[in-house]
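Visitor: Sequence and predicted structure, then a few things I'm wondering about:
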Amino acid sequence: MASDVCKHCTHAGCLDVCPTGALFRTEFGTVVVQQDICNGCGYCVSACPYGVIERREGDGRAQKCTLCYDRLKDGLEPACAKACPTDSIQFGVLDELRDRAHARVERLHADGRTEARLYGADPNDGVGGDGAFFLLLDEPEVYGLPPDPVVPTRDLPRMWRYAGAAALAFFGAAVSAFVEGRRR
Amino acid sequence: MTDRPSGEPAYASYYGRPILKPPVWKDDIAYYFFLGGLSAGSTLLGAGADQTDRPALRRGSRVAALGSLALGGYFLVKDLGRPERFHHMLRVAKPTSPMSMGTWLLTAYGPGVGIAAASELMPRRIRRTTLGRLIDGLARPAGLAAAAIAPAVASYTAVLLSQTAVPAWHESHEELPFIFTASAAVSAGGLGMIVAPPHEAAPARRLAMFGAIIELFASRRLESRLGLVGEAFSTGEAGRDLRRASTLTAVGTLGSVLLGRRSRAAAVASGVALLAGGLYERLGLLRAGTASATDPKYTVAPQRQRLESRVNEPRE
């Protein structure tokens, strides 16, 4: 069983593309949609490499896990971590959680469970590490997770360069269409 | 679960379920891409016709530029989950969001298009007033200002699609801008052939031809360069739409080159084919993205490949 929680990426695609500023980074480092701002453009849905955020039918706005922003503000832990009776879902300071998770993987490896691995815990991965990461016992795609997620924004300067070249070519084509015409 | 039908690349998934959420953008957005490109191309043709004394091409292109922009704007707003909040786009200007950049591009582009078109549409009785004379005087600089922004209006939409995790859109970011601007040139050229008589429409015919050539090369490159992800563009509904687009564009271009100078009827028919080709092109590109987000193989296989090549050649 795996939760479809928002990964709260360090480099969040949804946050980068949101054209209204409805998505924002909170004081806890999480990513949250302001429901009174979102106009349901749907850009975040396609920018999320994990397929988490979605536009709700009948409501029209983008919705996703907030890591219980309201509870965090009151000094409580997220409801999922609170409710989980086996402490399979743990909440805490990210660095401490990472240390704890690495220790757990080492212990599992020592027990012969060499397939155990962390997913989303590496701050050097394509999204700068996840705020919500997992301990998996198989390849990520077996759990419906992308094996090597990358924030689309990483290639943005390159994309604008190609678009700039295409725009210049378009302008040049239009001008030359008329320059030729004058000769006749 | 590992899915290995014969001939398919090996990849695992969670019971074949998609990893990504499918794009929420429906055909409305393809209509906007088509209309925005048509408007941008028409603005360029209108400004050129104004400079080279081609009144029918100028008039038709300026009016079409405004009409398609207004209709495109309608589709943009209609596709929002909360259309009444469309103005929330104006709260921020975010360089990382092509949609935000596009909002401001359109905001800068619209007034020039509006003034140029207004000077064509004004009734005579208003034309004689101070306001009328002001609009007439501003039409040329306004049209030129809009023409300076038009190429960006036609190309930012490609970055809008590529700045996503949708495999077909993201991986095609080298070719998409060229396909978008080329398709805009084809559509505007087609419209120019319809609104202007053949002796004025030579620039429209040439613009359409340039566009058709670039569109053909960029599309070929895309499908051959992308490998597995390229299949999203050649199969299913997307493949069908894109093949229709190529056929219509080829027929329209040939018709305009061979007969467009002599026969108005042939020019109009070619123009209609080119416009239809442009519309199918945008529908096909949109659907290719949706198809590539729905089948997990397009997400998993390229990422797997990336991971494996990284293991073989470790980072420095």
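Guide: On my side now, so go ahead. Numbering: from 1, shown residues only, chains lettered A, B, ... in the order given.

Visitor: Taking chain A, what residue is nearest to chain B?
Guide: A:Gly40 (1.9 Å; C-beta to the nearest C-beta). Every C-beta, even on glycine, is put in place using the N, C-alpha and C of the backbone.

Visitor: Wait, a strand at that residue?
Guide: No: A:Gly40 is assigned coil when assessed by DSSP: H, G, I helix; E, B strand; the rest coil, not a strand.

Visitor: Count residues in the vicinity of it, would you?
Guide: Residues near A:Gly40, counting by other C-beta atoms under 10 Å in any protein chain shown, number 23.

Visitor: any idea how far the closest residue in space to it that isn't next to it in sequence is from B:Val24?
Guide: Sequence neighbours aside, B:Gly81 is the residue nearest to A:Gly40 in space, at 1.9 Å (criterion: C-beta to C-beta, 6 or more residues apart in numbering or on different chains). Going from B:Gly81 to B:Val24 by C-beta to C-beta, to the nearest Å gives 8 Å.

Visitor: Please identify every residue contacting each of these two.
Guide: Common contact partners of B:Gly81 and B:Val24 (C-beta atoms under 8 Å, 6 or more residues apart in numbering or on different chains): A:Gly42, A:Arg55.

Visitor: Those two: who's more crowded?
Guide: B:Val24 (22 against 19).

Visitor: my guess is the more buried one meets A:Gly42, correct?
Guide: Yes: in this structure, B:Val24 is within contact of A:Gly42 by C-beta atoms under 8 Å, at 3.7 Å.

Visitor: Which helix or strand contains B:Gly239?
Guide: helix B:236-259 (DSSP states H and E).

Visitor: Could you give the separation of the helix or strand just after that helix from the chain centroid?
Guide: Beyond helix B:236-259 on the C-terminal side, the first helix or strand identified by DSSP H and E is helix B:264-294. Averaging C-alpha positions (C-alpha atoms, centre = their mean, to the nearest Å) puts helix B:264-294 10 Å from its chain's average.

Visitor: counting contacts, what elements does the longest helix along chain A pack onto?
Guide: Using DSSP state H to define each element, chain A has its longest helix at helix A:156-183. With contacts taken as 3 or more C-beta pairs under 8 Å, 6 or more residues apart in numbering or on different chains; DSSP states H and E, helix A:156-183 sits against helix B:27-51, helix B:130-162, helix B:176-195, helix B:202-225.

Visitor: any residues touching stretch A:102-120, and which ones?
Guide: Applying C-beta under 8 Å, 6+ apart, the contact partners of stretch A:102-120 are A:7, A:101, A:121, A:127, A:129-130, A:132-138, A:140, A:145.

Visitor: PyMOL command for the buried members of those?
Guide: PyMOL command restricting the contacts of stretch A:102-120 to the buried ones, with burial defined by 16 or more other C-beta atoms under 10 Å in any protein chain shown:
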select buried, chain A and resi 7+101+121+127+129+130+132+133+134+136+140+145
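
Visitor: Mind picking the two most distant members of the contacts of stretch A:102-120?
Guide: A:Val127 and A:Leu137 (21.9 Å; C-beta to C-beta).

Visitor: What residue in chain B comes nearest to chain A?
Guide: Counting by C-beta to the nearest C-beta, chain B gets nearest chain A through B:Gly81, at 1.9 Å.

Visitor: Give me the distance between that residue and B:Leu286.
Guide: Applying C-beta to C-beta, the value for B:Gly81 to B:Leu286 is 18 Å.

Visitor: Not counting its neighbours along the chain, what's nearest B:Ala117?
Guide: Spatially, and ignoring its direct neighbours in sequence, B:Ala117 is nearest to B:Leu66 (3.6 Å; C-beta to C-beta, 6+ apart).

Visitor: who does the helix or strand harbouring that neighbour touch, helix- and strand-wise?
Guide: Using DSSP H and E, B:Leu66 falls within helix B:55-78. Contacts defined by 3+ C-beta pairs under 8 Å, 6+ apart place helix B:55-78 against helix B:27-51, helix B:98-121, helix B:130-162, helix B:176-195.

Visitor: and the direction of the first one versus that of helix B:98-121, what angle?
Guide: Compare the direction of helix B:27-51 with that of helix B:98-121 by axes from the mean of the first three to the mean of the last three C-alpha atoms, to 10 degrees and you get 50 degrees.

Visitor: Check the third one too.
Guide: The directions of helix B:130-162 and helix B:98-121 differ by 150 degrees, with the same axes, to 10 degrees as the criterion.

Visitor: continuing past helix B:130-162, what's the next helix or strand?
Guide: helix B:167-171.

Visitor: how distant is that following helix from the center of its chain?
Guide: So, by C-alpha atoms, centre = their mean, the centroid of helix B:167-171 is 16 Å from its chain's centroid.

Visitor: who's in contact with that helix?
Guide: By C-beta under 8 Å, 6+ apart, helix B:167-171 touches A:46, A:152, A:155, B:161-164, B:176, B:226, B:229, B:232-233, B:285, B:288-289, B:291-293, B:298-299, B:302.

Visitor: ok, now how distant is B:Gly189 from B:Gly284?
Guide: 20 Å.

Visitor: Those two: who's more crowded?
Guide: B:Gly189 (35 against 25).

Visitor: Do I have it right that the more buried one meets B:Ala196?
Guide: No: at 10.7 Å, B:Gly189 does not count as touching B:Ala196 under the criterion of C-beta under 8 Å.

Visitor: Need the overlap of contacts for the two.
Guide: Joint contacts of B:Gly189 and B:Ala196 (C-beta under 8 Å, 6+ apart) are B:Ala204.

Visitor: picking up where we left off before, so for the helix holding B:Leu66, what gets flagged as buried?
Guide: With burial defined by 16+ other C-beta under 10 Å, the residues of helix B:55-78 counted as buried are B:57-69, B:71-73, B:75-77.

Visitor: so how far is the helix or strand of chain A with the lowest mean pLDDT from its chain's centroid?
Guide: Within chain A, no helix or strand scores below helix A:156-183, which has a mean of 90 by mean pLDDT, DSSP states H and E. Mean-position distance between helix A:156-183 and its chain equals 35 Å (C-alpha atoms, centre = their mean).

Visitor: And the helix holding B:Leu66, how far out from the chain middle?
Guide: Using C-alpha atoms, centre = their mean, the offset of helix B:55-78 from its chain centre is 14 Å.

Visitor: how about that helix as PDB, C-alpha atoms only?
Guide: The C-alpha trace of helix B:55-78 is given here as PDB (Å, rounded to 0.1, in the frame of the first residue of the first chain):
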ATOM      1  CA  PRO B  55      -5.600  47.500 -49.300                       C
ATOM      2  CA  ALA B  56      -7.700  44.300 -49.500                       C
ATOM      3  CA  LEU B  57      -5.000  42.100 -47.900                       C
ATOM      4  CA  ARG B  58      -4.500  44.800 -45.200                       C
ATOM      5  CA  ARG B  59      -8.100  45.100 -44.400                       C
ATOM      6  CA  GLY B  60      -8.900  41.400 -44.400                       C
ATOM      7  CA  SER B  61      -5.800  40.500 -42.300                       C
ATOM      8  CA  ARG B  62      -6.400  43.300 -39.700                       C
ATOM      9  CA  VAL B  63     -10.000  42.300 -39.200                       C
ATOM     10  CA  ALA B  64      -9.100  38.600 -39.000                       C
ATOM     11  CA  ALA B  65      -6.400  39.300 -36.500                       C
ATOM     12  CA  LEU B  66      -8.800  40.900 -34.200                       C
ATOM     13  CA  GLY B  67     -11.600  38.400 -34.800                       C
ATOM     14  CA  SER B  68      -9.400  35.300 -34.200                       C
ATOM     15  CA  LEU B  69      -7.800  36.900 -31.100                       C
ATOM     16  CA  ALA B  70     -11.300  37.600 -29.600                       C
ATOM     17  CA  LEU B  71     -12.600  34.200 -30.400                       C
ATOM     18  CA  GLY B  72      -9.300  32.600 -29.100                       C
ATOM     19  CA  GLY B  73      -9.700  34.500 -25.900                       C
ATOM     20  CA  TYR B  74     -13.200  33.200 -25.500                       C
ATOM     21  CA  PHE B  75     -12.000  29.600 -25.800                       C
ATOM     22  CA  LEU B  76      -9.200  30.300 -23.300                       C
ATOM     23  CA  VAL B  77     -11.500  31.600 -20.700                       C
ATOM     24  CA  LYS B  78     -14.100  28.900 -21.400                       C
END
